[in-house]
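[1] give the three-dimensional model of this entry:
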Amino acid sequence: MQPENSPGFSSLEQLLAGNGFGFAFRAMDTMDTVQPEAPSFAASQNHKEAERKRRERINGHLDTLRALLLCNSKIDKASLLAKVVQRVRELKQETTEIMQLDPTFPTETDEIAVLQNHDSVDGKSLIKASLCCEDRADLLPDLIEILKQLPLSPLRTEIVTLGGRIRNVVFLAGDKDRKDESALLLRDALNSLILRSSYNIGGERSKRRRMFDQ
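    The predicted model follows:
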């Protein structure tokens, strides 16, 4: 820093110094360069690291798809995704064909079927109830609790699950004189149960619902 009375010391600098601003002026004069802020630099580095890990995860999943579809490692992403879409469609078609051949498999539609059998066992009417909906952990306990409250005796149960869907088929016996009433109570009870299964966490309907009563 030059002395105040030196030739390089301007009249403005002398005026500021004479009014008590000399220290502030000298402090400003020493700020030759501005250093980058450390937090901004750290945030940029963290963003780059997160982006690198994201790319690694994506590439890892793409490699898994290549292995599952037996694709060449050099296949580009667009061609790989096209093969994935094609394979998913094929699997969906195969699943549909299997369901058509065997009606015991669960479908993608929520269904209730309550069928009365004209035959009887030991003077009791027979009822076959079928429930198809999204599988969930508390579905069977809820179904058992519902059946306990009805004037029906369970005889046999068949359960089939597929792709997160479940079909429960229950054979029950009830009072022959109250078979119509029992079938109606059973249908209403299953209806309330399937409604709980057909709503997702956000409260939106996830599947269409159908009911059959014969």
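[2] from here on, contacts and neighbour counts on C-alpha atoms
    Noted.
[3] distance between the host helix or strand of Ala43 and the chain's centre?
    In this assignment (DSSP states H and E), Ala43 forms part of helix 38-68. Between the centre of helix 38-68 and the centre of its chain there are 23 Å (C-alpha atoms, centre = their mean, to the nearest Å).
[4] tell me what it is packed against?
    For helix 38-68, the elements it packs on are helix 77-101, judged by 3 or more C-alpha pairs under 8 Å, 6 or more residues apart in numbering; DSSP states H and E.
[5] where do the helices sit along this protein?
    For the chain, helices defined by DSSP state H occupy the ranges 11-18, 22-29, 38-68, 77-101, 139-148, 179-197.
[6] how about the fifth one: buried residues?
    In other words, helix 139-148. Leu139, Leu143, Leu147 (16 or more other C-alpha atoms under 10 Å).
[7] now do Arg54 against Asp180, distance only.
    Distance, Arg54 to Asp180, using C-alpha to C-alpha, to the nearest Å: 60 Å.
[8] more neighbours, these two?
    Counted by other C-alpha atoms under 10 Å, Arg54 and Asp180 do not tie: Asp180 has more neighbours, with 15 against 12.
[9] from Val169, how far off is that one?
    Counting by C-alpha to C-alpha, the separation of Asp180 from Val169 is 19 Å.
[10] residues near His61, how many?
    With other C-alpha under 10 Å as criterion, His61 counts 12.
[11] do the same with Thr161
    The number of residues packed near Thr161 is 17, by other C-alpha under 10 Å.
[12] these two touch, right, it and Thr104?
    No. Contact criterion C-alpha atoms under 8 Å: Thr161 and Thr104 do not qualify, at 9.6 Å.
[13] any shared contact partners between the two?
    Arg167 (C-alpha atoms under 8 Å, 6 or more residues apart in numbering).
[14] ok, back up a step: which of the helices of the chain sits closest to Ile112?
    Of all the helices of the chain, helix 179-197 sits nearest to Ile112, with 7.1 Å by C-alpha to C-alpha.
[15] mean confidence for that closest one?
    Helix 179-197 carries an average pLDDT of 85.
[16] return the set of buried residues in that helix.
    Lys179, Ser182, Ala183, Leu186, Arg187, Ala189, Leu190, Asn191, Leu193, Ile194, Ser197.
[17] in JSON lines: those residues, plus distance to Ala82.
    Listed next are the buried residues of helix 179-197 as JSON lines, based on distance: C-alpha to C-alpha, whole Å:
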{"residue": "Lys179", "distance to Ala82": "54"}
{"residue": "Ser182", "distance to Ala82": "52"}
{"residue": "Ala183", "distance to Ala82": "49"}
{"residue": "Leu186", "distance to Ala82": "47"}
{"residue": "Arg187", "distance to Ala82": "44"}
{"residue": "Ala189", "distance to Ala82": "45"}
{"residue": "Leu190", "distance to Ala82": "41"}
{"residue": "Asn191", "distance to Ala82": "40"}
{"residue": "Leu193", "distance to Ala82": "39"}
{"residue": "Ile194", "distance to Ala82": "36"}
{"residue": "Ser197", "distance to Ala82": "33"}
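[18] closest one to Asp135 out of those, please.
    Distance to Asp135, by C-alpha to C-alpha, is smallest for Ser197 among the buried residues of helix 179-197, at 7.5 Å.
[19] residue ranges in this protein under the pLDDT threshold?
    Scanning the chain for pLDDT under 70 picks out 1-38, 118-121, 197-214.
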